[in-house]
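# Coordinates for the following, if possible.
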Amino acid sequence: MSYFSPVYFVCFLPIVALLYSVFPKKAKPYVLLVSSYAFFWSLSGKLLAYLLLSTASIHHFGLWLDKIQTEKRAAVKLLPRPERKPLKKKFDNKQNLVVAFAVFLHIGLLLVLKYTPFFTSNINTLLEHLNFDFCVPEYKFMIPIGISFYTLQAVSYITDVRRGVIKADTNLPRLALFMSFFPQIMEGPIVRYDNTAVPLFEGRKIEYKNFVFGVERIAYGLMKKIVVADRLNDFVKTIFDDFEKYDGGMIALVAIAYTCQLYMDFSGAMDVVIGSGEIFGITLPENFRQPFFSKSISDFWSRWHITLGTWFKDYIFYPLSLSKGLKKLTSFGRKHLGNHFGPLIAGTIALFCVWLSNGLWHGSAWMYIFYGMYHFSLIVLANVFEPAFKKGAEVLHIDRNHGPFVAFRIFKTTVLVVIGELFFRAHGLAEGLKMFKKLFTDFSFEGITSGQVAKAGLDMCDLLIVLVVVLIVFIIGILREKGINVRENLSKKNIVIRWIILLALIFFVIIFGAYGAGYTPVEPMYADF
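Numbers count the residues shown, from 1 in each chain. Predicted structure coming up:
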């Protein structure tokens with residue numbers, strides 16, 4: 001069962017909503033908790049034990065930290081002010097050890113389960129090149145769905161308790177629901193305890209407005225996923241599986257198609273997830289904010305997979321850049337290189353760790369590491385040359401945030417993103433480089449104009465349907481960029497008009513969805529990351 005299977009939105013979600021409605025307020029959170037575990041069980045079976053273990057452990061570590069903090073406050077009060085600092089440091093070090101142990105367990109388990117084949121394979125390749133006659137045994141483990149997402153939530157919870165951002169939760173079922181809430185367990189968004197845990201356990205009523213808004217959001221997500229992303233899948237797979245048969249024009253087209261597929265798949269999933277939460281009165285964080293209106297790569301990553309980016313920023317980038325060693329490096333850099341280039345040294349080191357982690361988070365392969373380093377390099381280059389760009393714009397009297405130049409910046413950013421996605425989708429780094437080379441050494445429109453697109457799985461009818469939906473999404477994106485809330489405006493319309501639009505959207509998905517004969521069912525793409 002996935003978010004896009006009929007079982008989910010025809011059976012599972014309606015049954016959960018019905019049970020949630022009929023049970024009393026105090027029981028409503030437990031309906032969600034049992035439903036969440038049932039959903040996880042349907043996806044990963046007995047691997048549910050990993051989620052239970054993670055939840056139990058962070059509950060224990062949180063209470064442990066709370067106990068240390070209570071002891072600290074009591075002990076500090078008994079001492080004169082001059083003697084408090086060493087005692088505070090002693091308790092802080094104790095808390096740091098607890099957090100380090102908790103993070104080691106969770107990240108360590110993630111590394112073992114997800115990355116053991118990658119690490120052992122590369123070690124054995126190195127041993128072979130060094131002419132050693134032995135190799136490391138290679139193991140492959142079964143991985144529970146969503147482990148990358150709930151592990152980051154667990155780490156954020158423990159870290160926030162240590163920082164004093166939140167208080168350790170003594171209510172284990174509430175913490176369990178925060179970790180397992182079924183709409184977001186498979187693909188995120190990565191939620192923070194202080195934003196969702198309490199609302200999840202309040203047992204809010206299903207209000208009419210929330211219900212309709214949720215259904216609208218789900219239908220919109222289904223359109224993006226089933227009508228567009230799944231329709232593009234056969235074409236994308238055909239070209240990437242046998243790219244050597246096609247010229248550079250077809251490679252460029254498939255790179256664009258895959259970027260569109262990935263966005264429609266992942267953002268469509270987020271629409272279904274957020275809409276599902278909305279039905280129960282839960283506001284989950286947005287994961288996308290019109291990313292293809294971005295003016296730079298940094299801007300793109302503030303709009304794409306937002307919750308992952310903010311997690312890396314809050315728990316890797318800031319802690320590293322504010323560490324004693326990098327702060328000293330920043331001071332040294334300012335003194336010798338100036339206020340712009342000086343801080344870039346420490347910032348670049350922290351940014352490198354973020355993008356290495358980002359690449360590995362997506363998967364255990366060199367192409368994912370390359371993908372992370374690709375975006376890291378683009379951001380660093382933009383930071384280094386920013387003064388030159390600014391000066392050049394002033395000399396040429398160009399307003400970088402106005403008119404045609406903005407369009408140019410958006411186009412440039414989109415091209416760079418599409419190139420990155422080409423490597424992201426390719427079957428390995430070597431094939432990605434070969435495909436990229438074809439863009440320059442074998443580019444022509446012959447493949448596109450000779451009917452190869454239709455033969456590869458995207459005929460004129462499919463293409464027209466894709467373009468119609470892309471245009472709808474593009475127009476809604478423009479309205480959102482202008483600060484216009486489409487759903488709020490729609491809610492003010494006559495109820496007949498509103499339901500006609502909603503039913504039209506639902507029937508559009510039913511009629512033009514890419515399912516049945518001729519189409520291959522496609523699981524949500526980010527569920528594998």
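# these two touch, right, V99 and R162?
Yes. Using Cβ atoms under 8 Å, V99 is in contact with R162, at 4.8 Å. C-beta here means a position set from N, CA and C on the backbone, and glycine is covered the same way.
# which one of the two has more residues nearby?
Set V99 next to R162 and count neighbours by other Cβ atoms under 10 Å: R162 wins out with 22 against 18.
# so that one touches Q95, yeah?
Yes. With contact defined as Cβ under 8 Å, R162 reaches Q95; the gap is 5.5 Å.
# any residues in contact with both of those two?
L65 (Cβ atoms under 8 Å, 6 or more residues apart in numbering).
# Which pLDDT value does the model give the closest residue to V165 other than its chain neighbours?
Sequence neighbours aside, D194 is the residue nearest to V165 in space, at 6.5 Å (criterion: Cβ to Cβ, 6 or more residues apart in numbering). We have a pLDDT of 93 for D194.
# cool, D528 as well?
Turning to D528, the model gives it a pLDDT of 69.
# likewise I256?
With respect to pLDDT, I256 has a value of 97.
# hey, what's in contact with both of V99 and R162?
Common contact partners of V99 and R162 (Cβ under 8 Å, 6+ apart): L65.
# so what's the most centrally placed residue in the chain up against?
By Cα atoms, centre = their mean, the chain has its centre lying nearest to H305, at 3.8 Å. Listed by Cβ under 8 Å, 6+ apart, the contact partners of H305 are G188, F266, N287, F288.
# Mind doing that once more with 10 Å?
188-190, 266-267, 270, 287-288, 291, 311-312, 358, 361-362, 526, 529 (Cβ atoms under 10 Å, 6 or more residues apart in numbering).
# got it, and V384?
Counting by Cβ under 10 Å, 6+ apart, V384 touches H340, F341, L344, T348.
# do V112 as well
F119, Y139, F141.
# For the last one, which three-state class applies?
Using DSSP: H, G, I helix; E, B strand; the rest coil, the three-state assignment for F141 comes out as coil.
# thought K224 was touching I472?
Yes. K224 is in contact with I472 according to Cβ atoms under 10 Å; the separation is 9.3 Å.
# Next secondary structure element downstream of the helix or strand encompassing A56?
If you go by DSSP states H and E, A56 is part of helix 48-77. The helix or strand immediately downstream of helix 48-77 is helix 84-129, counting by DSSP H and E.
# Quick check: chain neighbours aside, which residue is closest to D314?
Nearest to D314 is S156, by Cβ to Cβ, 6+ apart, at 7.7 Å.
# is it true that that neighbour touches Y193?
Yes. Using Cβ under 10 Å, S156 is in contact with Y193, at 7.2 Å.
# Specify which residue of the two has the higher count of neighbours.
More crowded of S156 and Y193, by other Cβ under 10 Å: Y193, with 25 against 22.
# Excluding covalently adjacent residues, which one is nearest to that one?
Using Cβ to Cβ, 6+ apart and skipping residues adjacent in sequence, the residue nearest Y193 is Y157, 4.9 Å away.
# so where does that neighbour fall, helix or strand?
helix 147-163.
# Please name every helix or strand in contact with the helix holding A56.
For helix 48-77, the elements it packs on are helix 28-44, helix 84-129, helix 147-163, helix 172-180, judged by 3 or more Cβ pairs under 10 Å, 6 or more residues apart in numbering; DSSP states H and E.
# K205: which of the ones you listed is closest?
helix 28-44 (8.6 Å; Cβ to Cβ).
# what is the orientation angle of that closest one with helix 172-180?
Angle, helix 28-44 to helix 172-180, by axes from the mean of the first three to the mean of the last three Cα atoms, to 10 degrees: 40 degrees.
# buried ones in the helix holding A56?
Buried residues in helix 48-77, defined by neighbour count with 16 or more other Cβ atoms under 10 Å: 48, 50-51, 54-55, 57-59, 61-62, 64-65, 68-69, 72.
# Stretch 137-148 too?
Buried, per 16+ other Cβ under 10 Å, within stretch 137-148: P144, I145, G146, I147, S148.
# Helix 84-129 and the host helix or strand of S377, what's the angle between them?
Using DSSP H and E, S377 sits in helix 366-395. Per the same axes, to 10 degrees, the angle that helix 366-395 makes with helix 84-129 is 120 degrees.
# For stretch 4-12, which outside residues touch it?
The contact list for stretch 4-12, computed with Cβ under 10 Å, 6+ apart, reads 1-3, 13-14, 16, 35, 38-39, 42, 182-183, 215, 218-219, 221-222, 225-226, 229-230, 265, 268-269, 272, 275-276, 513, 515, 521-524.
# Sitting in helices, which of those residues do you find?
Among the contacts of stretch 4-12, the ones falling in helices (DSSP state H) are 13-14, 16, 35, 38-39, 42, 215, 218-219, 221-222, 230, 265, 268-269, 272, 275-276.
# just to revisit the earlier point, and which of the contacts of V384 is nearest to I448?
Distances from I448 to the contacts of V384, taken by Cβ to Cβ, are shortest for T348, at 40.3 Å.
# helices and strands around the helix or strand where I345 lies, which ones?
Here I345, judged by DSSP H and E, is contained in helix 324-362. Here helix 324-362 touches helix 84-129, helix 147-163, helix 297-301, helix 306-312, helix 318-321, helix 366-395, going by 3+ Cβ pairs under 10 Å, 6+ apart.
# and F235, which of those is closest to it?
Per Cβ to Cβ, nearest to F235 of the helices and strands packed on helix 324-362: helix 366-395, 20.6 Å.
# Run the angle between the helix or strand that comes right after the closest one and helix 324-362 for me.
Using DSSP H and E, the helix or strand that follows helix 366-395 in sequence is helix 403-425. With the same axes, to 10 degrees defining the directions, helix 403-425 sits at 70 degrees from helix 324-362.
# And the helix or strand just after helix 403-425, what's buried?
Sequence-wise, the next helix or strand downstream of helix 403-425 (DSSP H and E) is helix 429-441. In terms of neighbour count (16+ other Cβ under 10 Å), helix 429-441 has its buried residues at L429, E431, G432, M435, F436, K438, L439.
# And stretch 223-241, by the same measure?
223-240.
# Please tell me how far G359 sits from I306.
Shown here: G359 relative to I306, a distance of 18 Å by Cβ to Cβ, to the nearest Å.
# Next one: the nearest residue to G164 once chain neighbours are set aside relative to A75, how far apart?
Using Cβ to Cβ, 6+ apart and skipping residues adjacent in sequence, the residue nearest G164 is Q69, 7.7 Å away. As for Q69, its distance to A75 is 11 Å (criterion: Cβ to Cβ).
# again with L87
Using Cβ to Cβ, L87 is found at 6 Å from A75.
# The residue nearest to Y193 contacts A102, correct?
Yes. Counting by Cβ under 10 Å, Y157 touches A102, with 9.3 Å between them.
# Look at these two and report which has more neighbours.
Legend: neighbour count by other Cβ under 10 Å for Y157 and A102, higher for Y157 (27 against 24).
# need the contact list for F512.
M223, I226, V227, V228, R231, C461, D462, I465, V466, V468, V469.
# The third one and I274, how far apart?
Think V227. For V227, the distance to I274 - Cβ to Cβ - is 19 Å.
# Kindly report the same for the second one.
Taking Cβ to Cβ as the criterion, I226 is separated from I274 by 17 Å.
# Then L464?
L464 is 29 Å from I274, by Cβ to Cβ.
# quick one, which of these two is more surrounded?
For L464 versus I274, the count of surrounding residues by other Cβ under 10 Å is larger for I274: 23 against 9.
# quick one: low-confidence parts of this protein?
Regions of the chain meeting the criterion pLDDT under 70 cover residues 517-519, 528-529.
# quick one: V522 from F376, how far?
Going from V522 to F376 by Cβ to Cβ gives 30 Å.
# In contact with V198, which residues?
Contacts of V198 by Cβ under 10 Å, 6+ apart are D169, N171, R174, F178.
# Between which two of those is the distance greatest?
So, the contacts of V198 by Cβ to Cβ: farthest apart are N171 and F178, at 10.0 Å.
# which neighbours do those two share?
A197, V198, F201.
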